[in-house]
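S.K.: Output the structure for:
(chains A and B)
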Amino acid sequence: MKRYAFCFLLGIAAALSLNERTHLILFPAALLAVAMVEHRAYRIFRHWKLWFFFIFILLIPVLLVPPKDAAWLGAAYNSRMLRLNFIMVERSVLIMLSIRLFTTHISLDHLSHGLTQIGLVQFERVFRLAMELLPQIRMAATDTFKELPLKTLLKRPTLLLNLASRLVAQIIFQAHRQGAVSRTGEENNP
Amino acid sequence: MSDHSATPQASGKSLDHGEAALIAVFGALWGLMEITIGTALKGMRLPMSGMILAMLAAIIALTGYYFVPRRGAILMMGGVAALLKVFSVGTVIAGPFFAILIEALVADGICSLLGRHLLAYLGAGAAMLCYTALHPFITQGLLFGGRIYEVYVATARQVGQFLHLESVHLAALVGLYLLLHLLAGAAAGFFAFRLARAVKIELHKLEHSA
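M.R.: A predicted model of the protein is given here:
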C-alpha cells in the first residue's frame, strides 16, 4: 500500500513539475513508469467523454482565441495557447493516472480506516453498522417505490411527504430495534 | 420555526449506539440513493440530473441531522454514502467520492453553526446545491491547473463576441445557473425540515403501536 502511495505522490510531483522545458522528457518518462507499476491505470482512457474533453480543450480555444499566429491545413490557430493547453492536458493525464494507480489498490477497509484516521473517530463503527443495515434499508425502499402511486402523486404532491416520512420512520424504527438487539448481544458476549 | 424539543448540540462526546445507528441508517440511505437513482438518472442523460441527485442527497442528509444534531454527523453520513457509491462500480472513482464528502462537509459546517433551525436547513441545502454546480470547475482546476479558467474566460469572450453577447450577459447566465441551484437547494432544505417533523410524528405513532 505504501509503495502505491509513494508512486501516487511521485506522479503528482511530476504533474506539477511539467512546463514548456520539462514536459518533453518528464511526460513520456512518467507514462512509462505508470505502465511498469500498474498498467491497469490506463483503463481511464476507455471513457470517450475524457477524449472528447481533451479534444475540446486542445481544439476549440486554440481556434477561437487570438492572436492566431500559425496555420495548419488552412486553419489559423493560436500557437502559444496550443502549447500551453497541451501541457495542461498532460498534467491532467498524469494526475488522473496517479489517482487511478493508487485507488486500484485501495479496499473498502483501507478507505474506512483512512476516514477514521483523518478525524472521523467513530466512523469505522458507523460504517460497519451501515453495511449491516443496508439489505434491510434496500428492501424497505424497494417496497415503497413499488407501491408508489405515480399518477396520484402528481395530483397530490403532499402525498410524497407522507410516503417519505412513513418510509424513513419505518427504517429508523427497525434500525433502533436491531440496534438494541445487537447492543444486548454485545453486552452478553463481551 | 426551530424545534425546541431538540437535544442540545453535542460535539466532543462519543456517539451512543442509537446515534451511531441513525447516522448509519441515513448514510446507507444516501449511498443507496446515489447508487440506484444516481445511476438511473445518469443512464437517462437527463439535463440537470446532478442537481436532482444533490437535492435528494440534501433531503436525506438534513433529515438525518434532525435526529442526530451533532457536529460531524452529516460528514459521517456523507462518508458512508461516498464509500458505498465509489465501490458500487467496482473501483474507486475520486470525483464522486470527494464531491459527496465535500457536500457533507459544507452542510455539516452550516448546521453546526446555526443548529437545528429552518434557516440552517435552507442555508445548508442551498450551499450543498451550489457546491454541486461548482464541483466540476473545482475538479478541473485541480486537474488542469488554474490556467483552465483563463482558457474558459478567453473562449467565453470569443463565443460572446460571435453571438453579440457582452461579458455581462455571460455573467448573468452563470449567475442564473447558480441561482437555480441555490433555490433548488433551499427548497430541498425546506422539504427536509418538513419531512423530519413528519418522520418524528410517524415514529411516535410506531412507538405507541409497538
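S.K.: Helices of chain A, residue ranges please.
M.R.: Taking DSSP state H as the test, the helices found in chain A are A:2-17, A:23-37, A:48-64, A:79-103, A:108-117, A:123-146, A:150-155, A:158-188.
S.K.: Return the most buried member of these.
M.R.: Highest mean neighbour count among these (mean count of other CB atoms under 10 Å in any protein chain shown): helix A:79-103, with a mean of 20. Glycine gets a C-beta too; all of them are placed from N, C-alpha and C.
S.K.: Who are the packing partners of that helix?
M.R.: Helices and strands touching helix A:79-103, by 3 or more CB pairs under 8 Å, 6 or more residues apart in numbering or on different chains; DSSP states H and E, are helix A:2-17, helix A:23-37, helix A:48-64, helix B:118-144, helix B:147-162.
S.K.: Using JSON lines, lay out the helices of chain A together with mean pLDDT.
M.R.: Shown next, in JSON lines, are the helices of chain A (pLDDT from 0 to 100):
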{"stretch": "helix A:2-17", "mean pLDDT": "88"}
{"stretch": "helix A:23-37", "mean pLDDT": "92"}
{"stretch": "helix A:48-64", "mean pLDDT": "88"}
{"stretch": "helix A:79-103", "mean pLDDT": "90"}
{"stretch": "helix A:108-117", "mean pLDDT": "71"}
{"stretch": "helix A:123-146", "mean pLDDT": "85"}
{"stretch": "helix A:150-155", "mean pLDDT": "70"}
{"stretch": "helix A:158-188", "mean pLDDT": "73"}
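S.K.: now these as TSV including distance to residue B:142?
M.R.: TSV is the format used below for these (distance: least, CB to CB, whole Å):
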stretch	distance to residue B:142
helix A:2-17	10
helix A:23-37	18
helix A:48-64	15
helix A:79-103	8
helix A:108-117	19
helix A:123-146	24
helix A:150-155	40
helix A:158-188	36
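S.K.: and of those helices, who's closest to residue B:146?
M.R.: Ranking the helices of chain A by proximity to residue B:146 (CB to CB) places helix A:79-103 first, at 9.8 Å.
S.K.: report the angle between the axes of that closest one and helix B:147-162?
M.R.: Helix A:79-103 runs at 130 degrees relative to helix B:147-162, counting by axes from the mean of the first three to the mean of the last three CA atoms, to 10 degrees.
S.K.: tell me the angle helix A:79-103 makes with helix B:118-144.
M.R.: 110 degrees.
S.K.: what about helix A:79-103, distance to the chain center?
M.R.: 17 Å (CA atoms, centre = their mean, to the nearest Å).
S.K.: Now residue B:159. Nearest residue, chain neighbours left out?
M.R.: residue A:64 (7.1 Å; CB to CB, 6 or more residues apart in numbering or on different chains).
S.K.: Could you double-check that that neighbour lies in contact with residue B:155?
M.R.: Yes. Counting by CB atoms under 8 Å, residue B:155 is a contact partner of residue A:64 at 5.8 Å.
S.K.: for chain B, what are the low-confidence residue spans?
M.R.: Chain B contains residues with pLDDT under 70 at B:1-13, B:89-93.
S.K.: Determine the longest helix present in chain B.
M.R.: Per DSSP H, chain B has its longest helix at helix B:167-209.
S.K.: Is that helix in proximity to chain A?
M.R.: Yes. Counting by CB under 8 Å from any CB of the partner chain, chain A is contacted by helix B:167-209 at B:191, B:194-195, B:198-199, B:201-203, B:205-207.
S.K.: Show the buried residues in those residues.
M.R.: Neighbour counting with 16 or more other CB atoms under 10 Å in any protein chain shown marks B:191, B:194-195, B:198-199, B:202-203, B:206 as buried within these.
S.K.: what's the domain layout of chain A?
M.R.: Split into domains by automatic domain parsing, chain A comes to A:2-106, A:119-188.
S.K.: ends of the longest one, how far apart?
M.R.: Read it as domain A:2-106. 11 Å (CA to CA, to the nearest Å).
S.K.: same question, stretch A:18-27
M.R.: Start-to-end, stretch A:18-27 (CA to CA) is 8 Å.
S.K.: Okay, residue B:64 and residue A:3: tell me how far apart.
M.R.: Computed as CB to CB, to the nearest Å, the residue B:64 to residue A:3 distance reads 38 Å.
S.K.: sorry, that was for residue A:157
M.R.: Distance of residue A:157 to residue A:3, computed by CB to CB: 55 Å.
S.K.: ok, now residue B:123?
M.R.: Look at residue B:123 and residue A:3: by CB to CB, they are 44 Å apart.
S.K.: Repeat that for residue A:41.
M.R.: 14 Å.
S.K.: Which positions in stretch B:72-87 come out as buried?
M.R.: Buried, per 16+ other CB under 10 Å, within stretch B:72-87: B:72-87.
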